[in-house]
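Asker: Give the three-dimensional model of this entry:
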Amino acid sequence: MTDQNASPSTARPVVRLRPGRARTVRFGFPWVYADELVLDRRSKSLTPGTFATLEDADRVAIGTVTVNSESRIPARLMDRDPEAVIDAAWLESKLRFAFEHRSRLFAEPFYRLIHAEADGLPGVIIDRFGDAAVIQPNAAWAEAMYAELEAAVIAVTGVSSVVKNASGRARKLDGLDEESAVTTGQIDAPIPVKMNGATYMADLLGGQKTGLFLDQRANHAFAAGLAAGGEVLDVFSHVGGFALAALAGGAKSALSVDGSAPALALAEEGARAMGASDRFATRRGDAFDTMTAMVEEGVTYDLVVCDPPAFAPTKQTADKGLRAYERVARMSAALVKPGGYLVLCSCSHAADLAKFRDASLRGVARGGRVAQLIHTGFAGPDHPTHAMLAETAYLKALFLRLE
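Answerer: Prediction:
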């Protein structure tokens, strides 16, 4: 592999764009697809994660990229400077810039520190949970430089424990393994995370993603403001995201529905930690089956929240996913009391806001309900959006009031 620390662009490999393909990169688009790149035998032989100089069709250098011909995105823009040196100092600079922003946002150290391309580190997710950090190196370059990345996280944040999370679809797409591990320090129990007055238990080793969905923080808060004195149903609840926030906001009661027994156990632990066990209950089961049973039981709630997994993770699954979101809306609408509230969420970047909103409102109407859209929520400010990359603006939350 070429020396990653070589400074002149001439000392490292060069990859070239096809004619007419440089404009999007010059305007800041961070990905180069296979049909935009000259993928000859030389470039295909580069070790995945190699840094290279990106040139346009006229051989003018326009940036520094990381190359992985085995990936669906064979080149990712690391720096718009063709002479950039991607080393430990470069990593620490990126992390400090991101850290300064999060430190202004939150008094407590629980947040997403790095949101991939939007924070200038392609394919990298880093979440902070107090004295621990979880790193997802979802691109070959980050896997190759994991030790330097981990050291930079520790230097910038001062955390004493670090988890490498190697699960998820993104790593598979880049040809990487799924071997997760605690790489610094020790973690032997879920970590209590306080947000919006609630306490969540984050399992950094066995939980989904990095252990907690920090992106919903602002939406949890808005929902909690609607929950005071009411009965709340949280479907696809995971570790109690909306339910526990609602209890902190003064809800009379909250029921969490999820298919995962470990997730519901963590939700119960969180309720105990915040002294709300007497107002909290769980129900394990498939969300659709459970909602069907609840309709038959005739139960209704003042606030119903549905925050399902990504039904449309790719463009190929978008239509099927939108039908699933419509179904969720139709079924959950039947569980809302007249004058109550329904919150519908999507984390599918392939289903944009307009399509998700249309599918959801269509589902509510087909359920025989009339809805007012009172608020639209997105991911929190510790999940910034890359101006040129729609994939970073994935989370949508529709807040509806039903007649």
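
Asker: Helices of the stretch 201-350 of the chain, start to end?
Answerer: Under the criterion DSSP state H, counting those that start in this stretch, the stretch 201-350 of the chain contains helices at 217-227, 241-248, 261-273, 287-297, 318-333.

Asker: Reformat those as JSON lines; add distance to Lys355 and mean neighbour count.
Answerer: From N, CA and C alone the C-beta is placed, and that goes for glycine too. Shown next, in JSON lines, are those (distance: least, CB to CB, whole Å; neighbours: other CB atoms under 10 Å):
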{"stretch": "helix 217-227", "distance to Lys355": "19", "mean neighbour count": "23"}
{"stretch": "helix 241-248", "distance to Lys355": "23", "mean neighbour count": "30"}
{"stretch": "helix 261-273", "distance to Lys355": "28", "mean neighbour count": "19"}
{"stretch": "helix 287-297", "distance to Lys355": "21", "mean neighbour count": "15"}
{"stretch": "helix 318-333", "distance to Lys355": "6", "mean neighbour count": "21"}
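
Asker: Identify whichever of those lies nearest to Arg12.
Answerer: helix 318-333 (38.3 Å; CB to CB).

Asker: Ala52 versus the nearest residue to Val25 once chain neighbours are set aside, what's the distance?
Answerer: The spatially closest residue to Val25, leaving aside those adjacent along the chain, is Ile62, at 6.0 Å (CB to CB, 6 or more residues apart in numbering). Per CB to CB, to the nearest Å, Ile62 is found 12 Å from Ala52.

Asker: got it, and Gly298?
Answerer: 63 Å.

Asker: More neighbours: the two, which one.
Answerer: Ala52 (22 against 8; other CB atoms under 10 Å).

Asker: List the contacts of the host helix or strand of that one.
Answerer: Element membership for Ala52 (DSSP states H and E) is strand 50-55. For strand 50-55, the surrounding residues in contact (CB atoms under 8 Å, 6 or more residues apart in numbering) are 1-2, 4, 9-10, 12-17, 25, 32, 43, 46, 61-67, 75, 77-78, 82, 86, 141.

Asker: what does stretch 226-236 give?
Answerer: Residues contacting stretch 226-236 (CB under 8 Å, 6+ apart): 240-243, 245-247, 249-258, 287, 290-291, 294, 301-309, 332, 335, 340-341, 399.

Asker: buried sites along it?
Answerer: 226-227, 230-236 (16 or more other CB atoms under 10 Å).

Asker: so what's Phe106 closest to, chain neighbours aside?
Answerer: Excluding the flanking residues, the one nearest Phe106 by CB to CB, 6+ apart is Asp382, at 7.3 Å.

Asker: With Ala248 instead?
Answerer: Here the residue nearest Ala248, using CB to CB, 6+ apart, is Gly197, at 3.5 Å.

Asker: now Ala61
Answerer: Closest to Ala61 by CB to CB, 6+ apart is Pro82, at 3.7 Å.

Asker: wait, doesn't that neighbour sit right on Ile62?
Answerer: Yes - the pair Pro82 / Ile62 is scored as a contact, 6.6 Å apart, by CB atoms under 8 Å.

Asker: hang on, the earlier thing: now, the most widely separated pair of the buried residues of stretch 226-236?
Answerer: So, the buried residues of stretch 226-236 by CB to CB: farthest apart are Gly230 and Phe236, at 19.4 Å.

Asker: about what we covered before: what's the helix or strand that contains the residue nearest to Val25 in contact with?
Answerer: Using DSSP H and E, the element containing Ile62 is strand 61-67. Residues outside strand 61-67 that contact it (CB under 8 Å, 6+ apart) are 9, 13-15, 22, 25-26, 32, 43, 46, 48-56, 74-84, 86, 122, 139-141.

Asker: Which of these fall in helices?
Answerer: 22, 25-26, 43, 140-141 (DSSP state H).

Asker: Only C-alpha atoms, please: export the strand holding Ala52 in PDB.
Answerer: Extracted C-alpha coordinates of strand 50-55, given in PDB (Å, rounded to 0.1, in the frame of the first residue of the first chain):
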ATOM      1  CA  THR A  50      -5.500   3.800  -0.200                       C
ATOM      2  CA  PHE A  51      -5.300   7.600  -0.400                       C
ATOM      3  CA  ALA A  52      -5.000   8.900  -3.900                       C
ATOM      4  CA  THR A  53      -5.000  12.200  -5.800                       C
ATOM      5  CA  LEU A  54      -8.200  12.700  -7.800                       C
ATOM      6  CA  GLU A  55      -7.800  14.300 -11.200                       C
END
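
Asker: Perfect, I'm done here.
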